[in-house]
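Chemist: Predicted model follows, preceded by the sequence.
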Amino acid sequence: MNGTRARSRAVKRVLVWVILFAMPVRSSLARQSTRSASVVQLGENEQVRAALAWFAPNLMWINDQQARLTEIPAPAFQEGQRAAVLKTLLSAAGLAVQVDATGNVIGELRGVNEKEIVALSAHLDTVFPAGTDVKVRHEGSRMLAPGISDNGTGLAALAAIARALEEAQIKPQRTILFVANVGEEGEGNLRGMRALVDAYRSRLKAVIVLDGAGTDHVTTIALASRRLEVVISGPGGHSWSDFGMPNPINALVRGSVRFINTKVPASPRTTFNLGQIDGGTSINSIPYQARLKVDVRSESESELARLESALRESIAAGVRDEMESPRDRSRGKLEWKVELLGSRPGGELAAASPLLAALRASDAIVGNESRIERSSTDANIPLSLGIDAISIGAGGNGGGAHSLQEWYDPAGREMGLKRALLTLLGVADLATERTR
Ligand SMILES: [Zn+2]
């Protein structure tokens, strides 16, 4: 017994030295390789192996939780019902669970060091409005329903990882928070993550976001984005008797066409989307209002600012075009405004961060390869404040996110769960004492 332990200790020490020796001599890289080595050791720890082994016999349970959660509607600002189920699931995993004022469900696994916190999060909300049919259908190995992958996968993984740690009686060094947060999508404007980071900021050492399916990527660069709403208003009137009255929909269409023609650079990659348009009351009424929602994203903050100004200028010009068209406009005028609905700040995880090293080491242990990605996720908030954060898929395969055809295939999910669990413990560390 002693002999075996001494031998495995010696093997580990050799491994650490091999890794250290192979790295260029720079302190940050040396730190990173020490961290990688410690994740390798984690993978060999008997309790961690027990936690990893919990997934395989419980894959059906995990699929069932995913379907059950997906079938509870959770549009932005209406996540309460789904949150209540997560609260039950996290409590059943032995965590002390509370729901904060924003609606985030927070389950705490207390570490030896309560002054340092690592958060594992998955967003509760979906992009689908109330009334959307979210019943899960099965086709072969696939599950189909709006929101099944984004973020049914992340939520099921959150509950599963909490259970796996509980079953293996794992006590971490740093306190771990399992968070099912509100407001990631659209106009939620990351309010759940903002509140979480606000509440724990001084103690928060790392945030791991589980979002959607897959194991092929790790998001370490937070894509900056802005969401804008255009509103054009006028007096309105009758289509025949008031013909000539300025028309807000006309002005919006004129301005939108100008905006669509704005040139955006391929690098830094910059995009825009006219996502929602509405206005008017009936076919034979001149509308009194027209609205448009626009999402702009860029790898560069200055391109974002440029695109926002382009939108304002285009709408101003569209209103001018409408007013200057050759009809009698003396009876009314148009008002317009462009309002910022939300803004997601950018940021980037340092290449030498312990969190990225833990993810890389976990990839190596489970035999996965992943590429760095830039995206707009809950990780934007901690990253913009200099707190280590990544967003990863929770395994399996999915597609059609944000569409009614969304699907998820759990085949291979286990690898994603193990990868997330190892990364989490890689940054939270195991307590040296054995009891929980
Ligand atoms: Zn998502």
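Modeler: Great, that's in hand.
Chemist: contacts and neighbour counts: CA atoms only from here.
Modeler: OK.
Chemist: Contacts only, for Leu196.
Modeler: Asn104 (Cα atoms under 8 Å, 6 or more residues apart in numbering).
Chemist: Against Gly186, how distant is it?
Modeler: Leu196 sits 18 Å away from Gly186, going by Cα to Cα, to the nearest Å.
Chemist: ditto for Leu334
Modeler: Distance from Leu334 to Gly186, by Cα to Cα: 28 Å.
Chemist: Next: Leu340.
Modeler: For Leu340, the distance to Gly186 - Cα to Cα - is 12 Å.
Chemist: So those two - more neighbours on which side?
Modeler: Gly186 (16 against 13; other Cα atoms under 10 Å).
Chemist: OK, contacts around the more buried one?
Modeler: Gly186 touches Ala76, Val127, counting by Cα under 8 Å, 6+ apart.
Chemist: what's the burial count for Arg360?
Modeler: Counted with other Cα under 10 Å, Arg360 comes out at 19.
Chemist: Is it in a helix, a strand, or coil?
Modeler: helix (DSSP: H, G, I helix; E, B strand; the rest coil).
Chemist: can you count the residues close to the closest residue to the ion within the stretch 51-200 of the chain?
Modeler: At 4.6 Å from the ion, Asp150 is the closest residue in the stretch 51-200 of the chain, using Cα to the ion. For Asp150, the count of nearby residues is 30 (other Cα under 10 Å).
Chemist: so how far is stretch 357-376 from its chain's centroid?
Modeler: From the chain centre to the centre of stretch 357-376 is a distance of 17 Å (Cα atoms, centre = their mean, to the nearest Å).
Chemist: End to end on it, go ahead and measure it.
Modeler: In stretch 357-376, first residue to last residue: 22 Å (Cα to Cα).
Chemist: got it, and stretch 218-234?
Modeler: 48 Å.
Chemist: Buried by neighbour count: which residues of stretch 392-407 qualify?
Modeler: 392-402, 406-407 (16 or more other Cα atoms under 10 Å).
Chemist: Also stretch 77-89?
Modeler: Gln78, Glu79, Gly80, Arg82, Ala83, Val85, Leu86, Lys87, Leu89.
Chemist: what does stretch 194-214 give?
Modeler: So stretch 194-214, judged by 16+ other Cα under 10 Å, has buried residues 194-197, 204-214.
Chemist: Convert the C-alpha atoms of that stretch to PDB, please.
Modeler: The C-alpha coordinates for stretch 194-214 follow below in PDB (Å, rounded to 0.1, in the frame of the first residue of the first chain):
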ATOM      1  CA  ARG A 194     -24.000  40.800 -14.000                       C
ATOM      2  CA  ALA A 195     -25.700  40.300 -10.700                       C
ATOM      3  CA  LEU A 196     -23.700  37.200  -9.900                       C
ATOM      4  CA  VAL A 197     -20.300  38.900 -10.600                       C
ATOM      5  CA  ASP A 198     -21.500  42.000  -8.700                       C
ATOM      6  CA  ALA A 199     -22.300  39.900  -5.600                       C
ATOM      7  CA  TYR A 200     -19.100  37.800  -5.500                       C
ATOM      8  CA  ARG A 201     -16.700  40.000  -7.400                       C
ATOM      9  CA  SER A 202     -13.900  40.200  -4.800                       C
ATOM     10  CA  ARG A 203     -13.900  36.400  -4.200                       C
ATOM     11  CA  LEU A 204     -14.600  35.200  -7.800                       C
ATOM     12  CA  LYS A 205     -11.500  33.500  -9.200                       C
ATOM     13  CA  ALA A 206     -12.900  31.800 -12.300                       C
ATOM     14  CA  VAL A 207     -16.200  31.400 -14.200                       C
ATOM     15  CA  ILE A 208     -17.000  28.400 -16.400                       C
ATOM     16  CA  VAL A 209     -20.100  28.900 -18.500                       C
ATOM     17  CA  LEU A 210     -21.900  25.800 -20.000                       C
ATOM     18  CA  ASP A 211     -23.700  26.900 -23.100                       C
ATOM     19  CA  GLY A 212     -25.200  24.500 -25.600                       C
ATOM     20  CA  ALA A 213     -23.700  21.300 -27.000                       C
ATOM     21  CA  GLY A 214     -20.300  20.200 -28.300                       C
END
